[in-house]
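> need the 3D shape of this:
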Amino acid sequence: MAAVLSAILVYAFLIVLFRCAGKRTLHQATVFDLVLLLLIAEGAQQVLIGDDPSLTQAVVVISTLVLVDIALSVAKQRWKRVDNWLDGRPVVLLEGGRPLPESMRYSRVDEDDILEAARELRGIERLDQIRCAVLERDGKISIVPYRPGDRAESDPAPSGGPTKSASSRSRK
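Numbering: from 1, shown residues only. All right, here's what the predicted structure looks like:
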């Protein structure tokens, strides 16, 4: 019965604590959010499985972790350097349909990763259809396609002159 009561109290405490700490979706979770969740789970586990029946200790540990996270959030809002250090910066992986090998190597992303994101997000099949690909701070790849007015969607004309249209080629 004590285990059930402890579980209910920890659950209620976490709900109240996270509601007070502010809204953040898992979709936008950063590395530090993930670490926070893992540490909170470890702190709550001790009470929930009975290794350490001290509910007070779990509440203190979890509250401390959430307060540190709130303090870091405030620091990130105030100082851009802290924000960049904690959450990183977006990295441009591809510009003008051309991969940037140094950025891709640094980020451990290959062309297949970019193409997968392009297919999923925009229905794009080739790198030359992408104006820009950016590895965002949350680890997702954003794809900015060329718009119809930006440039021709087909392969560029060779420097010798204009290309023939498909209909003029088929007449020969």
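
> from memory residue 13 sits against residue 61, does it?
No: counting by CB atoms under 8 Å, residue 13 stays clear of residue 61, with 11.5 Å between them. From N, CA and C alone the C-beta is placed, and that goes for glycine too.

> residues contacting the residue nearest to residue 6 when sequence neighbours are not counted?
Spatial nearest neighbour of residue 6, excluding adjacent residues (CB to CB, 6 or more residues apart in numbering): residue 47 at 5.1 Å. Contacts for residue 47 were tallied using CB atoms under 8 Å, 6 or more residues apart in numbering; they are 6, 10, 53, 54, 55, 57, 58.

> for the second one, give its distance to residue 107.
Spatial separation of residue 10 from residue 107 under the definition CB to CB, to the nearest Å is 38 Å.

> looking at these two, which one has more neighbours?
Each of residue 10 and residue 107 has its neighbours counted (other CB atoms under 10 Å); residue 10 has more, 20 against 17.

> hmm, residue 58 and the more buried one touching each other?
Yes: with contacts counted by CB under 8 Å, residue 10 reaches residue 58, the gap being 6.4 Å.

> need the residues touching each of the two.
44, 47.

> which stretches of the protein have low pLDDT?
By pLDDT under 70, the low-scoring segments of the chain are 1-3, 21-29, 50-53, 151-172.

> just the helices from it, written as ranges.
All helices of the chain, identified by DSSP state H, fall at 2-21, 31-49, 55-78, 80-87, 101-107, 111-122, 166-170.

> output the contacting helices and strands for the first one.
Helix 2-21 makes packing contacts with helix 31-49, helix 55-78 when contacts are defined by 3 or more CB pairs under 8 Å, 6 or more residues apart in numbering; DSSP states H and E.

> can you show me the CA trace of it as CSV?
This file holds the C-alpha atoms of helix 2-21, laid out as CSV (Å, rounded to 0.1, in the frame of the first residue of the first chain):
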residue,chain,number,x,y,z
ALA,A,2,2.9,2.4,0.7
ALA,A,3,4.2,1.8,-2.8
VAL,A,4,0.9,2.8,-4.3
LEU,A,5,0.6,5.9,-2.2
SER,A,6,4.2,6.9,-3.0
ALA,A,7,3.6,6.4,-6.7
ILE,A,8,0.5,8.6,-6.6
LEU,A,9,2.3,11.3,-4.6
VAL,A,10,5.3,11.4,-7.0
TYR,A,11,3.0,11.5,-10.0
ALA,A,12,1.0,14.4,-8.6
PHE,A,13,4.1,16.2,-7.5
LEU,A,14,5.6,15.9,-11.0
ILE,A,15,2.4,17.1,-12.7
VAL,A,16,2.3,20.2,-10.5
LEU,A,17,6.0,20.8,-10.8
PHE,A,18,6.0,20.6,-14.6
ARG,A,19,2.9,22.8,-14.9
CYS,A,20,4.7,25.4,-12.7
ALA,A,21,7.9,25.1,-14.7
